[in-house]
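>>> only geometry, no sequence info:
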């Protein structure tokens with residue numbers, strides 16, 4: 001979806017943007033949002049999907065089947081599960097497309 005060129009956004013444009021997000025992103029699931037930055041000129045979600053990783057699961061988390069740039073907590077996901085899944089995705093995308101995915105989420109803690 002293209003964003004309007006003017007600085008003023010109408011109510012119908014905002015509704016269209018919201019509706020598009022609802023259709024394409026797992027907003028009703030437990031996620032931390034978009035996991036990887038888009039490596040220009042590609043899209044992280046597209047690379048992950050083309051790598052065959054949609055639905056791929058480690059422990060209690062998986063790559064969303066709705067949008068591949070989201071990791072979903074399926075219930076009981078541990079931080080180590082999420083970090084392992086992130087590393088797995090990075091390794092597969094690097095091997096298949098020679099693209100380094102940089103995380104958009106910040107990993108804090110030990």
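Noted; the coordinates are in hand. If you're wondering where the values come from, they're calculated on a predicted model, not measured in any experiment.
>>> going by C-alpha atoms from here, please, whenever you check contacts or count neighbours.
Fine.
>>> how about the helices in this protein?
For the chain, applying DSSP state H gives helices covering 11-24, 44-50, 79-97.
>>> ok, now how distant is the most centrally placed residue in the chain from residue 9?
The centroid of the chain falls nearest to residue 69 when counting by C-alpha atoms, centre = their mean (1.6 Å). Distance of residue 69 to residue 9, given as C-alpha to C-alpha, to the nearest Å: 27 Å.
>>> contacting residues around residue 96?
Applying C-alpha atoms under 8 Å, 6 or more residues apart in numbering to residue 96 gives the contacts residue 51.
>>> and it, what pLDDT?
Looking at residue 96, its pLDDT stands at 97.
>>> contacts only, for residue 97.
For residue 97, the contacting residues are residue 47, by C-alpha under 8 Å, 6+ apart.
>>> same thing with residue 88?
Counting by C-alpha under 8 Å, 6+ apart, residue 88 touches no other residue.
>>> so what pLDDT did it get?
Reported pLDDT at residue 88 in the predicted model: 98.
>>> ok, now residue 23?
We have a pLDDT of 59 for residue 23.
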